[in-house]
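# Test case, fold it:
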Amino acid sequence: MRDLFDPSIAPFRSYEPEVYRLWGWSGDSTCGCFYVPSKVDTHSLKVIVSSGEGWDHVSVSRKNRCPNWLEMDQIKRMFFKDDEVAMQLHPEIANHISNHDFCLHLWRPHDGSIPLPPKEFV
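Numbering: from 1, shown residues only. The predicted model follows:
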């Protein structure tokens, strides 16, 4: 994951009172809340980033709909390094938790790599 104080990311960090109320601080180089303008329309994407317990995690949400492919790609490229693979997961029903109807997630394990199909399949 990129350093969250990177000049291309840092201007989007949220210092709103709501962030302090929820977490008690605005984050550091590995975690934080960001409001990123969508490249698709005039609305912002709420992005919550964390890194811990062996995983990088980025949640992306909008107020009125789920982020689309272009927005998820925008966020992946913004928060992850060019040589890192990140994934969206669709867990089995028993482990599925949804706290926000319009939120999607990107994950990257710290140890090991994500298996990929042959390049020509993608």
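
# which residues in the protein form helices?
17-23, 69-79 (DSSP state H).

# Is it possible to get TSV of those that adds mean neighbour count?
C-betas here are computed from N, CA, C, even on glycine. Shown next, in TSV, are the helices of the chain (neighbours: other Cβ atoms under 10 Å):
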stretch	mean neighbour count
helix 17-23	11
helix 69-79	17
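
# weakest of those helices by average pLDDT?
Lowest mean pLDDT within the helices of the chain: helix 17-23, at a mean of 76.

# so how far is that one from its chain's centroid?
Centre-to-centre, helix 17-23 and its host chain are 18 Å apart (Cα atoms, centre = their mean, to the nearest Å).

# For stretch 26-45, list every residue counted as buried.
Within stretch 26-45, the residues scored as buried using 16 or more other Cβ atoms under 10 Å are 27, 31-34, 36, 38, 45.

# wait, stretch 97-116
So, applying 16+ other Cβ under 10 Å, buried residues of stretch 97-116: 104, 106, 108.

# got a list of what the first one touches?
Going back to what we said before, that points to Leu104. Residues in contact with Leu104 (Cβ atoms under 8 Å, 6 or more residues apart in numbering) are 59-61, 66-67, 72, 88.

# where's it relative to Asp111, distance?
24 Å (Cβ to Cβ, to the nearest Å).
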